[in-house]
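J.: Sequence and computational prediction follow.
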Amino acid sequence: MTDPVFGPAPEQTPEPELVQLLTPEGERVHHPGFDVDFTADELRGFYRDMTLVRRLDVEATALQRHGELGLWAQLLGQEAAQIGAGRALAPQDFVFPTYREHGVAWCRGVDPVRLLALFRGVDQGDWDPDEHNFGLYTIVIGAQTLHATGYAMGIQRDGLVGTGDPERDTAVVAHFGDGASSQGDVNEAFVFAASFNAPVVFFCQNNQWAISEPFERQSRIPLYRRSQGFGFPGIRVDGNDVLATYAVTKAALQRARDGQGPILIEAYTYRMGAHTTTDDPTRYRLSDDVEHWKLKDPIARLEVYLRRNGLADDAFLAEVAAEADALGERMRRECHALPDPSTHDLWDVVHAEKTAELAAQQAEYDAHAATFEEARR
Amino acid sequence: MTTMTLAKALNAGLRQAMEDDPKVVVMGEDVGALGGVFRITDGLQKDFGDARVIDTPLAESGIVGTAVGLAMRGYRPVVEIQFDGFVYPAYDQIVCQVAKIHFRSRGKVRVPMVIRIPFGGGIGAVEHHSESPEAQFVHTPGLKVVACSNPADAYAMIQQAVHSDDPVVFLEPKRLYHSTKAEVDESAPPAPLWQSRVVRPGADATLVAYGPTVSTCLDAATVAAEEGRSLEVIDLRTLSPLDLVPVVESVRRTGRLVVVHEAHVTLGVGAEIAARVTEECFHSLEAPVLRVGGFDTPYPPARIEEDFLPDLDRILDAVDRTFGF
């Protein structure tokens, strides 16, 4: 449709091109821009990661149902988007997650039990970001995209962009979802990143749903095209295809490390589970849609490919299944064993330098708590 | 000793902080070539370059949010919010991120940054340019909030705030930027940052103020002295943590307290001071703690702002009332 004065409206059709290297049927296809070869070990590694992360998610959901977690944000269906993005990172790259990046956390070596601790209410997710190059989960939607951009500006000032040294050049990834794309902070992050040419990859997992609101409520155009309005490239990748997600993220990270600035990746995927365990998706979406997306399952398609090409046999698959069982068992055991935090410590971590006011409040609490200790004796 | 305006003292203090630590970066709207709309960052970009004095896009949440990322990367950003009323778009980043990251990470992540806000009225400005949002930040655990009132403090306090490992909201009394001049001894050891200070000793009643109202209170004390009343004036300097040690000591002697600030009275910093001083000094008080502040209206049009701002008459009236109990 063309307006006589203002010209054409944004293109509504056709469906945008999706970078895909592995079809839902498990057929390997090729894309001219991402002609990547994978070793058998890499492919098996993707399968293993996705399977273990799915188990992690299923186990955490079960723990929530048993009352062991207050809440869990499910990633079911998004394993390929997260493992592809996570495995594409160089050790020195830094990730700013939202609160559903359990698969990326897995790739960065964050123990799944640390994720449980956050959702159990034992802590607020206090792994050491500098140990894992993986920031803290951020619950306010989109806030972390600005942190990522600022961090990337710091990397620029540290002289770690475009040196040509693959062990020094560094990029940052900001994760967010389709709902977050409507937030001011995400749009401001785009402006800042473009303006300063910051080495940041914006990785949007478009899982189609912001709690109950469909993607159509967030955008009239495919999200990856938003970047054009901010002056940097965007690309849409099949987020259920771990090979494509890996290849596209790897190329985007390299581009950022080389000093060519930000890029937006839209990983087109589907949230098979609920937004969180308090959500009831049967109230707002059709089971037909879910069934449709089950046919695009990221793990099943890789399994078909591995088997058909003799890259994995029953023994390998059984080995991964056993590993998943062990992970599940360990999560259940260690979740129960997580110690409660100490109220006494609260005042110690408000500031780097504790104030006299807080010390006084802490002493008052301690004296109050001590009266209960005495009564118990 | 150099005689400086408050604006110049802040500029010199920032310059010193940047010289002391190459990780200090200044960022905000128009802070570069223009030197900020109040010229507080005048000349800094010329001398330190545009990687350290960053003219940002016009987006307050973006300014504060990217500063968080820079701080996480080991930098010490000093952010300029152009006017008090423009800080609200950044409110989420300040309250949910800046204030909480240290707590959330149980101390593993620090965000040492300074958020400079020119605050208060009295400059004949349009809407959103004359506000006193300090209570919003004082009410937020995890932030430290300070306000300077004179050039010597400004010079020292901005450097202390930059050196602090905690995020600091740094309030600058904009109407004093260019109207106040005083000697600044750049080599003098500074007063501790998180402490209030008695700026005029007195015996009959205590006035507590911060930022722009300190000088108004000093003027009020001068007038009161001519009338035979000795008023002690305390400059709070630090609003979070709130250092009431000198205030309590003073009220125990004088028995009377008037708190003066430009911010709306209801649930303002004065309300907290009244509650705490009442707790600490109940038996010493000769009169209830009184507050003089802005009305509980939005900041008015400039032609009548003098009625809104605490002035000598309203302060001295309150003092009279404390003697009437």
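T.: Arrived safely, thanks for sending. Since this is a predicted model, take the numbers as computed values, not measurements. Numbering: from 1, shown residues only, chains lettered A, B, ... in the order given.
J.: Start from the N-terminal end of the stretch 51-200 of chain B and give the strands.
T.: Assigned by DSSP state E, counting those that start in this stretch, the stretch 51-200 of chain B shows strands spanning B:53-55, B:76-80, B:114-119, B:144-147, B:168-173, B:181-184, B:197-200.
J.: what do you get for chain A?
T.: Taking DSSP state E, the strands of chain A run over residues A:2-3, A:7-8, A:94-96, A:172-177, A:200-206, A:209-210, A:213-214, A:234-238, A:263-268.
J.: ok, residue B:193 touching residue B:161?
T.: Yes: the pair residue B:193 and residue B:161 passes the contact test of C-beta atoms under 8 Å, sitting 6.9 Å apart. The C-beta positions use only the backbone N, C-alpha and C, and glycine is treated the same way.
J.: out of those two, which sits in the more crowded spot?
T.: residue B:161 (26 against 20; other C-beta atoms under 10 Å in any protein chain shown).
J.: Show me what stretch B:310-322 is in contact with.
T.: Applying C-beta atoms under 8 Å, 6 or more residues apart in numbering or on different chains, the contact partners of stretch B:310-322 are B:205, B:207, B:213, B:216-217, B:219-220, B:223-224, B:229, B:231, B:256-258, B:260-262, B:286-288, B:290-294.
J.: and residue A:267, how many neighbours does it have?
T.: Considering only other C-beta under 10 Å, residue A:267 is surrounded by 31 other residues.
J.: same deal with residue A:225?
T.: 17.
J.: Same question for the one 10 residues further on.
T.: Residues within reach of residue A:235, counting by other C-beta under 10 Å, total 22.
J.: and if you look at the one 4 residues further on?
T.: Neighbours of residue A:239 under the rule other C-beta under 10 Å: 31.
J.: Next to chain B, which bits of the stretch 201-350 of chain A? Give me the list.
T.: A:345, A:348, A:349, A:350 (C-beta under 8 Å from any C-beta of the partner chain).
J.: could those residues be laid out in CSV, adding neighbour count and distance to residue A:254?
T.: Converted to CSV, those look like this (neighbours: other C-beta atoms under 10 Å in any protein chain shown; distance: C-beta to C-beta, whole Å):
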residue, neighbour count, distance to residue A:254
A:345, 11, 43
A:348, 15, 42
A:349, 17, 38
A:350, 23, 41
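J.: Just the closest of those residues to chain B, please.
T.: Using C-beta to the nearest C-beta, residue A:349 is the member of those that sits closest to chain B, with 4.7 Å.
J.: contacting residues around the closest one?
T.: The neighbourhood of residue A:349, defined by C-beta under 8 Å, 6+ apart, consists of B:102, B:103, B:106, B:107.
J.: Same check on residue A:24?
T.: Per C-beta under 8 Å, 6+ apart, neighbours of residue A:24: A:240, A:295, A:296, A:297, A:301.
J.: Tell me how many other residues crowd the second one.
T.: Counted with other C-beta under 10 Å, the neighbours of residue A:295 add up to 11.
J.: Summarise which helices and strands the longest strand seen in chain B is packed against.
T.: Assignment by DSSP E gives strand B:257-264 as the longest strand of chain B. With contacts taken as 3 or more C-beta pairs under 8 Å, 6 or more residues apart in numbering or on different chains; DSSP states H and E, strand B:257-264 sits against helix B:134-138, strand B:205-209, helix B:212-226, helix B:245-254, helix B:269-281, strand B:290-294, helix B:312-324.
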